[in-house]
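Visitor: sequence and predicted structure below; questions after.
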Amino acid sequence: MSLFDGLRPGAREVRGATRGTRSRVDSPTRAVVVGGGIAGVAAASVLAERGVQVTLLERERFLGGRAGAWTERLPDGTPYEMERGFHGFFRQYYNLRNLLRRVDPDLGRLRPLEDYPILGQDGLVESFRGLPKTPPLNLISLLRRSQFFKLTDLRQIDSSRAQLMMRFDPQRTYADHDAVTAAEYLDSLQFPPVARQMLFDVFSHSFFNPEEGMSAAEMLMMFHFYFLGNPEGLVFDVCDEPFSDALWKPFERYLRGLGVDVRLGTSAARLEHLRTGWRVHLEGDGEPVDGHAAVLAVTVPALQGLLEASEDLRADEGFTDAVRSLDVTLPFAVWRMFLDRPAAPQRAPFAGTAGPGLLDNISLYERFEGESRRWAMRNGGSVVELHAYACPIEDESEIKRTLKAELEALYPELAGAEVLHETYLLRRDCPAFQPSSHGRRPRVATPYGTLALAGDFVKLPFPTALMERAASSGMLAANFLLDAWDVRGEPLYSIPPRGFMAGLGGG
């Protein structure tokens, strides 16, 4: 089966993503990929498939980065796989899904969710089930059937500001609205408070950035990518087993089968620019790794650490300023609890929440993941995971107390449930998309020619976000290097680049 046989009908090939004429590199051609998350695995896969001798360095003992998983143990010693939070595989994640086809050709590990309701206070619920896929019919249908929005509300809405969501343009939107905060833009719409909370606030929180610290242009791009320009609909898929078993262990075998030297538990300390390419010095006593080219597919803090430790990376002032301009957003909390009782049968596997508190979503893992389902069948309980994005506080006890109270208000049947085991994480390494940051954000290509960047923080030439941005950037990083060797890279795909009203004028 071709990797592209399963492309969705709405996919559009990105022009110019690959330009080479040959199918493979001359031997030996070596590359070092630093970082084994989605971006690094994508880059390593594309390079190795074209004959490049790749060394992949990953500081953790597992692949996957922020989508990775690792083994922990229950009190009785039973192992279980822990992840850094729930991940939804949207249907317009064309490049990520093509990457996954390397180890799962039919995408059999992905299962569709029928709906992911938004839960508000006082029993309010908003559903995305059954919406048309075609813009603007999806928006019209959502507003017409929403209990939080009435036709009379149209009189108070600033229609010219609302139309910006349908006029997304990769150049004009960022030029006109990158300096504005997402909060200021949403305020300007004058939506009814409850409708804004249920329809917009949940959406913006899904990108980990607080509205008051996020670029309005970036949020408009997200609206376009996920809803108003997305031909695949709002329903997404979930992985039916832990990511480690379903994705990353198979990917490790796949890469090793291509000859990739996968080094887990290995951290890069600094880079040295050689006449023949790059030398990556390792933490500890490890021998440096040389390559004709390198890809840095690491988090923002790790990239900035490498920059400051590597004099040769600071040779170009513009590149240095671009990397230093990056930042991370507020922390996010993940709290997984193994409870002694199940949630009510009518509860959705995944639900977003809307309100003034910390809780952003609730996942019932036994409703979609096999390992958790097997635990629940043995113990009669529920595996509940709570998330708080852009969390303004960092005190663990306060976060847990607040999340538990908000869970019990929404799912009262879990009030007083005994926590048989728990795993709690607070991390701060997701990229920030501050106002006025787009123009300074680094791209995949660097001034050094044989060095590329990859990750969900880089500026890409088409609309994308989150895991799809990571996968796309890794493929583009590989293509950037392959172009220099006149080798055909990976075709890339995306949604329509502009909103359906973008050509009608207006700002």
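Guide: Perfect, I can see it now. Residues are numbered from 1 along each chain as shown.

Visitor: contacts for the host helix or strand of Met82?
Guide: Met82 is located in strand 79-83, with elements delineated by DSSP states H and E. Strand 79-83 is contacted from outside by 67-74, 242-245, 336, 371-372, 375, 423, using CB atoms under 8 Å, 6 or more residues apart in numbering. (Each C-beta comes from the backbone N, C-alpha and C, glycine too.)

Visitor: likewise stretch 15-31?
Guide: 47, 50-55, 277, 290-295, 475-476, 479, 481-483, 485-492.

Visitor: returning to what we had before: out of the contacts of strand 79-83, name the ones that lie in helices.
Guide: The members of those that map onto helices under DSSP state H are Phe243, Glu371, Ser372, Trp375.

Visitor: for Thr320, state which of the residues you listed is nearest.
Guide: Phe243 (34.6 Å; CB to CB).

Visitor: from Leu100, how far out is that closest one?
Guide: Noted for Phe243: a distance of 11 Å to Leu100, by CB to CB, to the nearest Å.

Visitor: and Ala44, what does it touch?
Guide: Shown in contact with Ala44 (CB under 8 Å, 6+ apart): Val33, Gly36, Val54, Leu56, Leu255, Val260, Val295, Gly474, Ala478.

Visitor: from Ala297, how far off is it?
Guide: For Ala44, the distance to Ala297 (CB to CB) stands at 9 Å.

Visitor: low-confidence bits of the protein, can you list those?
Guide: Within the chain, the stretches with pLDDT under 70 are 1-9, 148-154, 504-507.

Visitor: residue nearest the centroid of it?
Guide: The centre of the chain sits closest to Leu466, judged by CA atoms, centre = their mean, with a distance of 2.2 Å.

Visitor: that residue contacts Asp456, correct?
Guide: Yes. Here Leu466 reaches Asp456: they are 6.1 Å apart, a contact under CB atoms under 8 Å.

Visitor: what is in contact with Ala44 and Ala297 at once?
Guide: Shared contacts of Ala44 and Ala297 (CB under 8 Å, 6+ apart): Val33, Gly36, Gly474.

Visitor: what about the residues you listed, which are in strands?
Guide: Val33 (DSSP state E).

Visitor: tell me the one of the shared contacts of Ala44 and Ala297 nearest Pro105?
Guide: Nearest to Pro105 out of these is Gly474 (CB to CB; 19.6 Å).

Visitor: how much space between that closest one and His387?
Guide: As judged by CB to CB, Gly474 and His387 stand 25 Å apart.

Visitor: got it, and Val34?
Guide: In this view, Val34 and His387 are 28 Å apart by CB to CB.

Visitor: try Met475
Guide: 28 Å.

Visitor: do the same with Leu313
Guide: On the measure of CB to CB, Leu313 and His387 end up 34 Å apart.

Visitor: same check, this time on Met214
Guide: Distance, Met214 to His387, by CB to CB: 18 Å.

Visitor: ok, now Ala246?
Guide: Distance from Ala246 to His387, by CB to CB: 20 Å.

Visitor: cool, and Thr320?
Guide: Thr320 is 35 Å from His387, where distance means CB to CB.

Visitor: these two - which one has more neighbours?
Guide: Taking other CB atoms under 10 Å, Thr320 and His387 do not tie; His387 has more neighbours (25 against 15).

Visitor: so the more buried one sits in a strand?
Guide: Yes. Counting by DSSP: H, G, I helix; E, B strand; the rest coil, His387 is located in a strand.

Visitor: quick one: it and Phe86 touch, right?
Guide: Yes. With contact defined as CB under 8 Å, His387 reaches Phe86; the gap is 6.8 Å.

Visitor: so which bits of the strand holding Met82 are buried?
Guide: Neighbour-count burial for strand 79-83 flags Tyr80, Glu81, Met82, Glu83 (criterion: 16 or more other CB atoms under 10 Å).

Visitor: paired strands for that strand, with orientation please.
Guide: When pairing is defined by DSSP bridges, strand 79-83 lines up against strand 69-73 (antiparallel).

Visitor: contact partners for Gly355?
Guide: Residues in contact with Gly355 (CB under 8 Å, 6+ apart) are Gly120, Gln121, Gln197, Glu406.

Visitor: now with 7 Å?
Guide: Residues near Gly355 by CB atoms under 7 Å, 6 or more residues apart in numbering: Gly120, Gln121.

Visitor: what of the one 5 residues further on?
Guide: Contacts for Asp360 were tallied using CB under 7 Å, 6+ apart; they are His205, Gly352, Thr353, His387, Ala388, Tyr389.

Visitor: what's opposite the fourth one in the beta bridge?
Guide: Meaning His387. Note on His387: beta-bridge partners by DSSP bridges are Val334, Asn361.

Visitor: surely it is in contact with Gly85?
Guide: Yes. If you go by CB atoms under 7 Å, His387 and Gly85 touch, sitting 5.7 Å apart.

Visitor: which residues do those two both contact?
Guide: Shared contacts of His387 and Gly85 (CB under 7 Å, 6+ apart): Val334.

Visitor: okay, and Phe433 sits in which element?
Guide: Going by DSSP H and E, Phe433 is not in any helix or strand.

Visitor: how close does it sit to Asp486?
Guide: For Phe433 relative to Asp486 (CB to CB), the value is 35 Å.

Visitor: residues near Arg155, how many?
Guide: 9.

Visitor: same check, this time on the one 4 residues further on
Guide: Neighbourhood size, Ser159 [other CB under 10 Å]: 10.

Visitor: so who does it touch?
Guide: With the criterion set at CB under 7 Å, 6+ apart, Ser159 makes contact with nothing.

Visitor: next one: it from Arg61, what distance?
Guide: According to CB to CB, Ser159 stands 53 Å off from Arg61.

Visitor: can you pull out the helices in the stretch 1-150 of the chain?
Guide: Per DSSP state H, counting those that start in this stretch, the stretch 1-150 of the chain carries helices over the ranges 38-49, 94-100, 137-145.

Visitor: CA atoms of the second one as CSV?
Guide: Coordinates of each C-alpha in helix 94-100 appear next as CSV, following Å, rounded to 0.1, in the frame of the first residue of the first chain:
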residue,chain,number,x,y,z
TYR,A,94,-2.2,14.9,6.7
ASN,A,95,1.5,14.8,7.2
LEU,A,96,1.5,13.3,10.6
ARG,A,97,-0.9,10.6,9.4
ASN,A,98,1.4,9.9,6.5
LEU,A,99,4.3,9.6,8.9
LEU,A,100,2.3,7.1,11.1
